[in-house]
Structure formats: C-alpha cells, structure tokens
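Asker: sequence first, then the predicted structure:
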Amino acid sequence: MIIKPDATARNLCGEIIRRVEQSGFILRALRMAHLSPQEARRFYAVHEGKPFLDALCRFMSSGPIVPMILEKDNAVADLRTLIGATDPKKSACGTLRYDLAVDLEKNSVHASDSVDNARTEIAFFFNESGL
Ligand code: CMP
C-alpha cells in the first residue's frame, strides 16, 4: 500500500495506518519516499499509454509518499475492500477513499491489485537489507 501525496500533505498518515491496523493488517515495513516523475512513471509502467499517466506521475512526484508492506490472510482483496473504488465518488460509504480522498487522481492511497503486483511493488520500494 502507498499513502499518496494528497494524504501526506493533509497529515492523514496516522489516520490511514490506524484504520488499516484496526482492520487486521499487520504493518511489516514502512518508509517515506519522494519520487521523481521518472521514478513514478517506472512504478506505474502498467499504465503506459493511458491518458491520465502524465498527470498521475506529476501528482505522485509532487510530495512525499509512504509505501508500506502489509500482511494479512487475503490481504490484496481485503485491502481493496477497505480502501474502496479508485474513484471516491463511486466508493462505498465508510471506505477510506470515500472518507478521505479528494478526487479520482488524488485518491489518497494505492493498493496492489494482485499478489504478483504486490511482489513487484514491494521490490520497487524495499531492498533486501531493509535500510
Ligand atoms: P491507483 O490505484 O494508484 O492506480 C492508478 C492511479 O491513476 C489511480 O489510483 C488514480 O490515482 C489515477 N487515475 C487518474 N485518472 C484515472 C482514471 N481515469 N482511471 C484510473 N485511475 C486513474
């Protein structure tokens, strides 16, 4: 999971992590990072060619982000339920994005959409030594 720049700018890290922990996820690793637009583009390589990619990379490199490793049975599906739909206008009441997100782009958090992508995304932000 990643806390995005719109949420770090509004001091929502504590609130987001509290909700995640309260929902049964175990926090295994966490850091703060500030991506360049090029690094953001590498992270979002699966969206290459999409019309929103340039703006997304500008946004994701506009301020600090907080990537983390979370552990839970059925973590990928359960986290996506907790955070709600990509577009906060379409997310269910009580989900993290419904309550905290600004709009479709500034939607406060990113969550891996599969176990394979979670592995790739963890490798992107966390190296072997953990330093
Ligand atoms: P995320 O789950 O991080 O995956 C890709 C991101 O692109 C998404 O959340 C949004 O922040 C952003 N985005 C902006 N426009 C769109 C769109 N039309 N469809 C999907 N994602 C979008």
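Answerer: Arrived safely.
Asker: quick check: residue 59 vs residue 106, distance?
Answerer: Using Cβ to Cβ, to the nearest Å, residue 59 is found at 7 Å from residue 106. Placement of C-beta: from N, CA and C, glycine included.
Asker: what's the overlap in contacts for those two?
Answerer: When contacts are counted by Cβ atoms under 8 Å, 6 or more residues apart in numbering, residue 59 and residue 106 have 4-6 as shared neighbours.
Asker: what ranges do the strands span in the protein?
Answerer: Read by DSSP state E, the chain holds these strands, from start to end of the chain: 2-3, 26-30, 66-71, 109-110.
Asker: looking at these, which is nearest to the ligand?
Answerer: Across the strands of the chain, the minimum distance to the ligand, taken as Cβ to the nearest ligand atom, is reached by strand 109-110, at 3.5 Å.
Asker: burial measure for residue 119, as a count.
Answerer: Residue crowding around residue 119 was assessed by other Cβ atoms under 10 Å; the count is 11.
Asker: now do the contacts for it.
Answerer: Applying Cβ under 8 Å, 6+ apart, one finds that residue 119 lies in contact with no residue.
Asker: per-residue pLDDT of it, please?
Answerer: Predicted confidence (pLDDT) at residue 119: the value is 96.
Asker: next: residue 127.
Answerer: In this model, residue 127 carries a pLDDT of 81.
Asker: buried set for stretch 39-48?
Answerer: The neighbour-count check on stretch 39-48 (16 or more other Cβ atoms under 10 Å) flags 40-41, 43-44 as buried.
Asker: low-confidence stretches in the protein?
Answerer: Screening the chain residue by residue with the criterion pLDDT under 70, one finds the ranges 128-131.
Asker: the ligand contacts on that one?
Answerer: Taking Cβ under 6 Å from any ligand atom as the contact definition, the chain meets the ligand at 47, 52, 56, 86, 104-105, 107, 110.
Asker: which of the residues you listed are buried?
Answerer: Buried residues within the residues of the chain next to the ligand, counting neighbours by 16+ other Cβ under 10 Å: 56, 86, 105, 107, 110.
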